[in-house]
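*Asks:* My questions concern the predicted model and sequence given below.
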Amino acid sequence: MSAPVSESAAVAASPAERLRDFLRAELAPFPGRFRAMVRQLVCLGLVMIISLTLDIPFLMLSIIIVFFCHQMNLALTVLAGVVITVGCLFTNVMSIMMLAWTFEYALARILTASAIIFVGLYCLRINPLLGAIGYMSALVAVFDQSLYPLAPYPEFLLRATLWCVAAGLYPVLVVIVVNTLILPVNPVKDFERELRLRVDGIWARIEAGPGGSSLPPVEPDREEAAGKALRRNLAFAGILNKTYKAEKARYLRLLDHLDRLSAAARRLSEEAAGEADPDRRTVLADLLEGGRAFRRSLDQAEPFRLAPEAASALTTDLERLRRRPGALPAEVELGEAFLDLAGLADQPFAPEAKKPFLIPDAWINPAYARFAFKSTLATMLCYFFYSSVQWDGVHTSMLTCIILAQPSVGESAQKAVLRLGGCATGSLVTLLIVIFVVPHLESLAGILVVTLVFMAGASWVAMGSPRISYAGMQIAFAYTLALLENYGPNFNLVEIRDRLMGIVIGIVVYTVIGLLLWPEHPDPGAPAPEGLGF
């Protein structure tokens, strides 16, 4: 008979407790998060000052572009900036062409927008970078549909589109400059620094010898995490530095040998310190001398080659240890790994094979067309609904369908929760600010200070893990819609209400369509999807 569940265990298993633990874990600081928040806050402050000073419209768009473009390191920020720039130019040219051809023909306009949404979401499934541009195209096509009923003249839409280009592109330059100059996180420098630190740590344990009493104990999990961080920074470094991209295979093999050296050095430090063994002392001396040469090669950014006489001496000393009876000492494993590392400079490495532009089953897998079709269907159903009932305020239902367009039901549900939760949180806090804070402000500078304080919290959330980061952008979006869309407080709370209702309608429509038409479920063994967070 099982023991009854205690009251504390029942409370710990409650939804409120799980939510509290989730938020505590996701909002906790981690290395680099504060610096990323500071950089993003500087970008937001500069963008608001520039837009307000130069009277550039669509400040809300400029702020959202900052959230899209700003990434955790400079390499991803530059890549995101390039994608946003190309996507912004392409989508706005496409928007002007659609305006010129279909302004007076509602059916042609709707069919053209549907085709753009379908193609854009199809691209989302077959190529990460092309998919980012396709995703932006789908968003612009949907946004344009919400503007047509409000714009009596095509000239108005044309001028608005051109201003969108200006409001969308200059924040990209601001973000890249700020991330380059202020608390930069450069993966090239990070990789080189972490590589030196790891080498120094390995040879410090070798120098300490068996027992290693002068050094703290080594945790295998932290060693593994350090190796993964090095490989991740190497991948990012290849975006900014052609040398790392061309020599990626060689550096990956170098990191593999460092993993071997680290494991052997940990084994050496765990052995009990015994009487001095001349043969083992000789091998350790050879390794220390070779390690100094290896460290010099890293400092000078030159390929490491062990001198022939040093390699010969180390090989001879290792043979002497191998011939001894009993288990091989850790020095043998260290020496073999070091000789393999020294031979990397003379090994031919073919450049990394280029990945195909499109995934292999891009044109034959029906799941991609089904995904694009049901997402387009959900979007247009929302359009027909709010057009039929003449409730233009809920046009966000269309945008919600595009935002929720994720490959699996689970991913769509997660995006829905983050969008609704972020928007509700941002709207509630904004409402409190409008009621209790804004009446006491006497200048635009006061609103700017309050905005930066609010954006600091939104940026902290946005710089978190993918499980919560999207909510940060939604919190900021709700605030800008209420307070910054017209360069001043918006006391018409109907807009906030309608936006929330539009999000709920979009979630319901997309969820029903996603569950009824070809529902997809994630593959537990599939790798994490690539992309930039669009």
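*Replies:* All right, it came through fine. Bear in mind the structure is a predicted one, so any value in this text is a computation, not a measurement.
*Asks:* which SS class is the residue located most distally from the centre of the chain?
*Replies:* In terms of distance from the mean C-alpha position of the chain, Pro325 ranks first, at 53.1 Å (CA atoms, centre = their mean). For Pro325, the reduced secondary structure class is coil; criterion used: DSSP: H, G, I helix; E, B strand; the rest coil.
*Asks:* With the one 3 residues further on instead?
*Replies:* Three-state call for Leu328 (three-state DSSP): coil.
*Asks:* so what's it up against?
*Replies:* When the contact criterion is CB atoms under 8 Å, 6 or more residues apart in numbering, the partners of Leu328 are 321-322. (Glycine included, C-beta is placed from N, CA and C.)
*Asks:* was I right about Val66 contacting Val174?
*Replies:* Yes - the pair Val66 and Val174 qualifies as a contact (CB atoms under 8 Å) at a distance of 7.5 Å.
*Asks:* Overlap in contacts, those two.
*Replies:* Overlap between the neighbourhoods of Val66 and Val174 consists of 43, 47, taking contacts as CB under 8 Å, 6+ apart.
*Asks:* which one of these two has more residues nearby?
*Replies:* For Val66 against Val174, the residue with the higher neighbour count under other CB atoms under 10 Å is Val66, and the figures read 25 against 21.
*Asks:* What is the helix or strand containing Ala226 packed up against?
*Replies:* Counting by DSSP states H and E, the secondary-structure element that holds Ala226 is helix 220-240. In terms of contacts (3 or more CB pairs under 8 Å, 6 or more residues apart in numbering; DSSP states H and E), helix 220-240 is packed against helix 74-102, helix 187-208, helix 242-246, helix 248-270.
*Asks:* Kindly provide the distance from the residue farthest from the centre of the chain to Ala235.
*Replies:* Applying CB to CB, to the nearest Å, the value for Pro325 to Ala235 is 46 Å.
*Asks:* just Ser387 next, same as before
*Replies:* 46 Å.
*Asks:* Let me know the angle separating the host helix or strand of Gly168 from helix 74-102.
*Replies:* In this assignment (DSSP H and E), Gly168 forms part of helix 154-181. Put simply, helix 154-181 runs at 170 degrees to helix 74-102, going by axes from the mean of the first three to the mean of the last three CA atoms, to 10 degrees.
*Asks:* From Leu23, how far out is Glu17?
*Replies:* 11 Å.
*Asks:* show me where pLDDT drops low in the stretch 301-450 of the chain?
*Replies:* Judged by pLDDT under 70, the stretch 301-450 of the chain has its weakly predicted residues at 326-327, 350-353.
*Asks:* just the strands in it please.
*Replies:* Using DSSP state E, counting those that start in this stretch, no strands are assigned anywhere in the stretch 301-450 of the chain.
*Asks:* just the helices in it please.
*Replies:* Secondary structure of the stretch 301-450 of the chain, counting by DSSP state H, counting those that start in this stretch: helices at 308-322, 330-342, 366-388, 396-403, 409-436, 444-462.
*Asks:* Packing partners of the fourth one?
*Replies:* This points to helix 396-403. Packed on helix 396-403, when contacts are counted by 3+ CB pairs under 8 Å, 6+ apart, are helix 128-147, helix 366-388, helix 409-436, helix 494-516.
*Asks:* what angle do that helix and helix 366-388 make?
*Replies:* With the same axes, to 10 degrees applied, the angle from helix 396-403 to helix 366-388 works out at 170 degrees.
*Asks:* mind checking how far helix 396-403 is from the chain centre?
*Replies:* Shown here is helix 396-403, whose average C-alpha point lies 22 Å from the average C-alpha point of the whole chain (CA atoms, centre = their mean, to the nearest Å).
*Asks:* again with the third one
*Replies:* Helix 366-388 sits 27 Å away from the centroid of its parent chain (CA atoms, centre = their mean).
*Asks:* Which pLDDT value does the model give Gly211?
*Replies:* pLDDT recorded at Gly211 is 66.
*Asks:* can you pull the contacts of Leu254?
*Replies:* 341, 344.
*Asks:* Distance of it relative to Phe304?
*Replies:* Here the distance between Leu254 and Phe304 works out to 9 Å (CB to CB).
*Asks:* Leu124 - nearest residue in space that isn't next to it in sequence?
*Replies:* If the residues on either side of it in the chain are set aside, Leu124 comes closest to Gly131, at 3.7 Å by CB to CB, 6 or more residues apart in numbering.
*Asks:* if I look at that neighbour, how far off is Phe357?
*Replies:* Here the distance between Gly131 and Phe357 works out to 12 Å (CB to CB).
*Asks:* Look at Ala482 and say how many residues are nearby.
*Replies:* The tally of other residues near Ala482 (other CB under 10 Å) stands at 25.
*Asks:* Check the gap between it and Pro308 for me.
*Replies:* Ala482 sits at a distance of 73 Å from Pro308 (criterion: CB to CB).
*Asks:* One more: Leu500?
*Replies:* Leu500 is 74 Å from Pro308, by CB to CB.
*Asks:* between these two, which one's more packed in?
*Replies:* The neighbour comparison of Leu500 against Pro308 (other CB under 10 Å) goes to Leu500, with 17 against 8.
*Asks:* I figured the more buried one hits Thr425, correct?
*Replies:* No - between Leu500 and Thr425 no contact is recorded; they are 11.2 Å apart, counting by CB under 8 Å.
*Asks:* so what sits against both of the two?
*Replies:* Common contacts of Leu500 and Thr425 (CB under 8 Å, 6+ apart): none found.
*Asks:* picking up where we left off before, overlap in contacts, Leu254 and Phe304.
*Replies:* In contact with both Leu254 and Phe304: 341, 344, using CB under 8 Å, 6+ apart.
*Asks:* picking that back up, please identify which of Gly131 and Phe357 sits among more neighbours.
*Replies:* For Gly131 against Phe357, the residue with the higher neighbour count under other CB under 10 Å is Gly131, and the figures read 22 against 10.
*Asks:* So the more buried one is in contact with Ser137, correct?
*Replies:* No - counting by CB under 8 Å, Ser137 is not a contact partner of Gly131; they are 10.3 Å apart.
*Asks:* quick revisit: single out the most deeply packed of the helices and strands packed on helix 396-403.
*Replies:* Counting by mean count of other CB atoms under 10 Å, helix 128-147 has the highest mean neighbour count of the helices and strands packed on helix 396-403, with a mean of 22.
*Asks:* angle of it against helix 154-181?
*Replies:* Between the axes of helix 128-147 and helix 154-181, defined by the same axes, to 10 degrees, the angle is 140 degrees.
*Asks:* Just name whatever secondary elements helix 128-147 is in contact with.
*Replies:* helix 74-102, helix 106-126, helix 154-181, helix 396-403.
*Asks:* Just the buried positions in the longest one, please.
*Replies:* The one in question is helix 74-102. Using 16 or more other CB atoms under 10 Å as the test for burial, helix 74-102 gives 74-81, 83-84, 87-88, 91-92, 94-96, 98-99, 102.
*Asks:* mean confidence score for that helix?
*Replies:* If you average the per-residue pLDDT over helix 74-102, you get 87.
*Asks:* these two touch, right, Val438 and Phe454?
*Replies:* No - at 11.8 Å, Val438 does not count as touching Phe454 under the criterion of CB under 8 Å.
*Asks:* out of these two, which sits in the more crowded spot?
*Replies:* Neighbour totals were compared for Val438 and Phe454, and Phe454 leads with 20 against 16 (other CB under 10 Å).
*Asks:* host element of the residue lying closest to that one once chain neighbours are set aside?
*Replies:* Computed as CB to CB, 6+ apart, the closest residue to Phe454 that is not its neighbour in sequence is Tyr479, at 5.7 Å. Tyr479 is part of helix 469-483, with elements assigned from DSSP H and E.
*Asks:* Just the CA trace of that helix, in PDB.
*Replies:* As requested, C-alpha coordinates have been extracted for helix 469-483 and formatted as PDB (Å, rounded to 0.1, in the frame of the first residue of the first chain):
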ATOM      1  CA  SER A 469      12.100  35.200 -25.100                       C
ATOM      2  CA  TYR A 470       9.200  35.900 -27.500                       C
ATOM      3  CA  ALA A 471       7.000  37.100 -24.600                       C
ATOM      4  CA  GLY A 472       9.500  39.900 -24.100                       C
ATOM      5  CA  MET A 473       8.900  41.300 -27.500                       C
ATOM      6  CA  GLN A 474       5.100  41.000 -27.000                       C
ATOM      7  CA  ILE A 475       5.300  42.900 -23.700                       C
ATOM      8  CA  ALA A 476       7.200  45.700 -25.500                       C
ATOM      9  CA  PHE A 477       4.800  45.700 -28.500                       C
ATOM     10  CA  ALA A 478       1.700  46.100 -26.200                       C
ATOM     11  CA  TYR A 479       3.400  49.100 -24.500                       C
ATOM     12  CA  THR A 480       4.400  50.800 -27.800                       C
ATOM     13  CA  LEU A 481       0.900  50.300 -29.200                       C
ATOM     14  CA  ALA A 482      -0.600  52.200 -26.300                       C
ATOM     15  CA  LEU A 483       1.900  54.900 -25.500                       C
END
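*Asks:* If anything else comes up later, I'll come back, but that's it for now.
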